[in-house]
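> sequence? don't have it. structure:
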C-alpha cells in the first residue's frame, strides 16, 4: 500500500504522482497506465520527500512581443494566461521543491521556511501553506520564491492542512482540529472528535456554508465539521461516516443536488462512497452508500481481491481508481451503482494474461512424419556409405586412454582446464538445501567465477539465492563481505527481471534495512577506528623509543685466572730469551777474533804497537 500522504491525483485527473520511501517521484498516466516519469532528486539520500501536493499556477507573459501588444485588445485574460500543473514536494530537511512534470525537472526550491521536516502541505487560490516539525506554519510566495508569512502553531505536530473553500480559514489537523483566521493568524475555533492524529482534511462549500471532512490514522470513521460560528462553539462534528478500516485517501465533490459526495479508500483496499445531505446535526453514524471491491480471475478461475491504492471523484461523476501494486499499476474509471450496497468489479489479471501470452509464444510444434523420408534433389543419387578408414574411434584402447589421461607425457607443459563457474553446483545446493554445497560455492571470493556463475544462473533460482545471501549478510563479517559481491553482481546482471517481480519490495527490503543499519553505525565505527589507531600509534612510538635507549655494552664478562698466569709466564720467557741471544752474539765475536790471531800470528793490536815504535 502506497503512503497516502505521498500520492495524489492531478487536478485534471490525467496524472497520478507517488513519492515512496526511497525518495523517488513517479508519475503515471491514468488513461494508459504507463509510467511517464521517474525522478530522483539530487539530494534524495539526505532530503527525502515527506508530503506532496498538486498546484495550479497561472503564468502570464511578462515580455510580450509587439505583435501580442497589437492583438492584446482582442484577446481575453484567460487566453493570455497559461495554466500549469506543478507538484509541490515537502522534504525532511524543511525545503519545498516545485517540480514541473512537463519539463521533467524541478522549477524552484523554496528554502528558509522550516528548520525541520515538512509534515503537511496544502494549496488553494489563496496560496501555498506548509507545516513542519518545528511547530511553524509558513505561507510561501511562489512568484518571489520566499516566505510570505510565518506563525507559531503550538507544541503538537501538525499532520494535515486545508484552506476553506471561501479562503478565510486555514484548518490544521493534530489530535485536535484548529481553525486559523488567515487575516489575523489567530485560532477562531477548535474541534475534538478524533483519538489519533488527523492525516486527512478536505474542504467543500455548500451555498454560504463551509464544511471540512477529516480522517485520522487508526480511526475507522470520517467526521464532517461545519465552520459556522455556532458549530465552532459546539466543538463537535455534525456527522460521522463509518468505514471498515482507517482511511488512506479521501476525495470530496459537490453534486448537482447540493449533496456532499465523499469517496474514501481504506487500508484493506476497498472504496466507500458516501452521499451526505447537510441538514443539521446527525446523531447516528452514516453507513456508505456503496462499497466498491475490485477482483481478478486467475488461471484456475479463482476470484482474488485486488487492493485499491487511491481513488478520486471526477467531474463526470465517475470514480477514478488506482489499483494493484506500484510494479503493475492499473487505473480504471467506474460509474458507481447506487442501487447496490456492494459493487463488485471484475478485471483481468494483467500478470496472468502476460503469462498466457508468453506460454503460447514459447510453445513449438514439431513436425511429425510417419514412415521413411525421401529427399529429392537434382543430380544423380549417391549412395552414402560409411567410411571405413582409420578414425579416432578405431584407435586401440590403450591409445585412447592415453589421450584421456590428464598426466599425458606429451602435454606436460599444459595444465588441465578448470571450471570457471559453479552454476550447476549452486543449483544443486539451492534445490537440496545442502549447507556444505552452498558454503563451498557462496564463500568463493573470485569475482570472475562469481560473475560467470550468476550470468549462467536461471531466473527461477534468483529468489532462493537472494534468501541465502540475506542470511549471509546478517552473519559475521567474512560471509557478509562475500555476500556483497554476490548481490552486486546479481543486481547488475538480472536487474530487468528483478524489477519485473511484483514482490520486489519484500524481497529486497531486508537488504535495504541491513544497509541502513550499517550506515547508522558507520560514524561510530569511524570514530572508534580513529581512537584505536591513535592508541596503537602511541604504543608503537613508545616501543621504538625504548629500543633506541638500549646500549651495545655486554651485560656480563668472564675472565679465567689460569689463562692470565700462563700469559704472564709466556711474556717473561720471551724477555729472558732476548737477553740470552745478546750474550750469545758477544761470545761468537770473541771466538772469531781468537781464530784470526792464531792464523796471522799476531793481532791487529801488535801491528799498531809496532807502528808506534817505528
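Cool, the structure landed. Quick caveat: nothing in here was measured; it's all calculated off a predicted structure.

> which strands and helices sit next to the top helix by length along the chain?
As assigned by DSSP state H, the longest helix anywhere in the chain is helix 504-549. Applying 3 or more C-beta pairs under 8 Å, 6 or more residues apart in numbering; DSSP states H and E, we find helix 504-549 packed against helix 462-473, helix 495-500. Every residue, glycine included, has its C-beta placed from N, CA and C.

> quick one: mean pLDDT over the helix or strand that the longest one is followed by.
Yep, that's helix 462-473 we're talking about. Note on helix 462-473: by DSSP states H and E, the next helix or strand toward the C-terminus is helix 477-493. Helix 477-493 shows a mean pLDDT of 87.

> now do stretch 49-57
88.

> which residues touch it?
The contact list for stretch 49-57 (C-beta atoms under 8 Å, 6 or more residues apart in numbering) reads 5-11, 17, 19, 23, 25, 41, 83-92, 97-98, 117-123, 128, 142.

> apply 7 Å and report the result again.
5-6, 8, 10-11, 17, 19, 23, 25, 83-92, 117-123, 128, 142 (C-beta atoms under 7 Å, 6 or more residues apart in numbering).

> what subset of these is buried?
Buried members of these, scored by 16 or more other C-beta atoms under 10 Å, are 5-6, 8, 10, 17, 19, 23, 25, 85-92, 117-123, 128, 142.

> from residue 91, how far off is residue 23?
9 Å (C-beta to C-beta, to the nearest Å).

> ok, how many other residues are close to residue 436?
Neighbour count of residue 436, defined by other C-beta atoms under 10 Å: 8.

> roughly how far does it sit from residue 33?
Look at residue 436 and residue 33: by C-beta to C-beta, they are 48 Å apart.

> next one: residue 470
Distance, residue 470 to residue 33, by C-beta to C-beta: 32 Å.

> have a look at those two and say which one is more surrounded.
Shown here are residue 470 and residue 33; by other C-beta under 10 Å, residue 470 has more neighbours (19 against 16).

> quick one: the helices in the stretch 51-200 of the chain?
Shown for the stretch 51-200 of the chain, the helices assigned by DSSP state H, counting those that start in this stretch span residues 66-71, 77-80.

> least reliable of those helices going by mean pLDDT?
Sorting these by mean pLDDT places helix 77-80 lowest, at a mean of 42.

> measure the residue minimising distance to the centre of the chain to residue 23 for me?
Centroid-nearest residue in the chain: residue 512, 5.9 Å away (criterion: C-alpha atoms, centre = their mean). From residue 512 across to residue 23, the span is 12 Å (C-beta to C-beta).

> now the helices for the stretch 201-350 of the chain?
Using DSSP H, counting those that start in this stretch, the helices of the stretch 201-350 of the chain run over 229-234, 350-362.

> least reliable of those helices going by mean pLDDT?
Mean pLDDT is lowest for helix 350-362 among the helices of the stretch 201-350 of the chain, at a mean of 51.

> partners of the nearest residue to residue 227 once chain neighbours are set aside in the sheet?
Nearest non-adjacent residue to residue 227, counting by C-beta to C-beta, 6 or more residues apart in numbering: residue 210, 4.1 Å away. Bridge pairing for residue 210 (DSSP bridges) gives the partners residue 205.

> what do you get for the one 5 residues further on?
Counting by DSSP bridges, residue 215 is bridged to residue 200, residue 222.

> residues in contact with it?
So, once contact is read as C-beta under 7 Å, 6+ apart, residue 215 ends up touching 199-200, 222, 247, 250, 264.

> can we see that at 6 Å?
By C-beta atoms under 6 Å, 6 or more residues apart in numbering, the residues touching residue 215 are 200, 222, 247, 250.

> for the closest residue in space to residue 48 that isn't next to it in sequence, give me the pLDDT.
Counting by C-beta to C-beta, 6+ apart, residue 48 lies nearest to residue 23, which is 3.9 Å off, once chain neighbours are set aside. In this model, residue 23 is scored at 72, pLDDT.

> name the SS class of residue 23, please.
Three-state assignment for residue 23 (DSSP: H, G, I helix; E, B strand; the rest coil): coil.

> against residue 51, how distant is it?
Remark: distance between residue 23 and residue 51 (C-beta to C-beta) = 13 Å.

> now residue 544
Residue 544 sits 60 Å away from residue 51, going by C-beta to C-beta.

> between those two, who's got more neighbours?
Taking neighbours as other C-beta under 10 Å, residue 544 and residue 51 compare with residue 51 leading, 26 against 9.

> bridging residues for that one?
Beta-bridge pairing for residue 51 (DSSP bridges): residue 90.

> go on, the one 4 residues further on?
For residue 55, the beta-bridge partners are residue 86 (DSSP bridges).

> any idea how far it is from residue 132?
Distance from residue 55 to residue 132, by C-beta to C-beta: 18 Å.

> tell me which of those two has more neighbours.
More crowded of residue 55 and residue 132, by other C-beta under 10 Å: residue 132, with 24 against 18.

> count residues in the vicinity of the nearest residue to that one once chain neighbours are set aside, would you?
Spatial nearest neighbour of residue 132, excluding adjacent residues (C-beta to C-beta, 6+ apart): residue 114 at 3.8 Å. For residue 114, the neighbour count with other C-beta under 10 Å is 26.

> residue 114 reaches residue 93, doesn't it?
No. The criterion here is C-beta atoms under 6 Å, and residue 114 misses it with residue 93 at 8.4 Å.

> what's in contact with stretch 270-280?
So stretch 270-280 is contacted by 206, 241, 243, 259-265, 288-293, 308, 311, 336 (C-beta under 6 Å, 6+ apart).

> residues of that stretch that come out buried?
Buried, per 16+ other C-beta under 10 Å, within stretch 270-280: 270-276, 278.

> and if you look at stretch 303-323?
By neighbour count on 16+ other C-beta under 10 Å, the buried set for stretch 303-323 is 306-314, 319-323.

> could you do stretch 183-196 as well?
For stretch 183-196, by 16+ other C-beta under 10 Å, it's 189, 191, 193-194.

> repeat that for stretch 216-234.
By neighbour count on 16+ other C-beta under 10 Å, the buried set for stretch 216-234 is 216-217, 219, 221-227, 231-232.

> same question for stretch 472-481.
For stretch 472-481, by 16+ other C-beta under 10 Å, it's 472-473, 479.

> could you give the separation of the helix or strand encompassing residue 449 from the chain centroid?
Element membership of residue 449, judged by DSSP H and E, is helix 447-455. Taking the mean of its C-alpha atoms, helix 447-455 sits 23 Å from the chain's own mean (C-alpha atoms, centre = their mean, to the nearest Å).

> report the angle between that helix and helix 477-493.
Angle, helix 447-455 to helix 477-493, by axes from the mean of the first three to the mean of the last three C-alpha atoms, to 10 degrees: 50 degrees.

> in terms of secondary structure, what does helix 447-455 contact?
Applying 3 or more C-beta pairs under 6 Å, 6 or more residues apart in numbering; DSSP states H and E, one finds that helix 447-455 contacts helix 477-493.

> what does the helix it packs on rub up against?
Residues contacting helix 477-493 (C-beta under 6 Å, 6+ apart): 443, 450-451, 454-455, 469, 472-473.

> let me know whether the residue nearest to residue 48 touches residue 89 as I believe.
No. At 9.8 Å, residue 23 does not count as touching residue 89 under the criterion of C-beta under 6 Å.

> now do the same end-to-end measure for stretch 438-454.
End-to-end span of stretch 438-454 (C-alpha to C-alpha, to the nearest Å): 14 Å.

> and it, what's buried?
For stretch 438-454, by 16+ other C-beta under 10 Å, it's 438, 441-442, 444, 449-454.

> and of these, the nearest to residue 149?
Closest approach to residue 149 among those (C-beta to C-beta): residue 454, at 57.4 Å.

> that older thread, figure out which of the helices and strands packed on helix 504-549 is closest to residue 168.
Of all the helices and strands packed on helix 504-549, helix 495-500 sits nearest to residue 168, with 48.2 Å by C-beta to C-beta.

> low-confidence ranges in the stretch 51-200 of the chain?
59-82 (pLDDT under 70).

> tell me which stretches of it form strands.
82-91, 96-100, 105-110, 118-123, 128-132, 136-141, 146-152, 160-163, 169-173, 177-181, 187-191, 198-206 (DSSP state E, counting those that start in this stretch).
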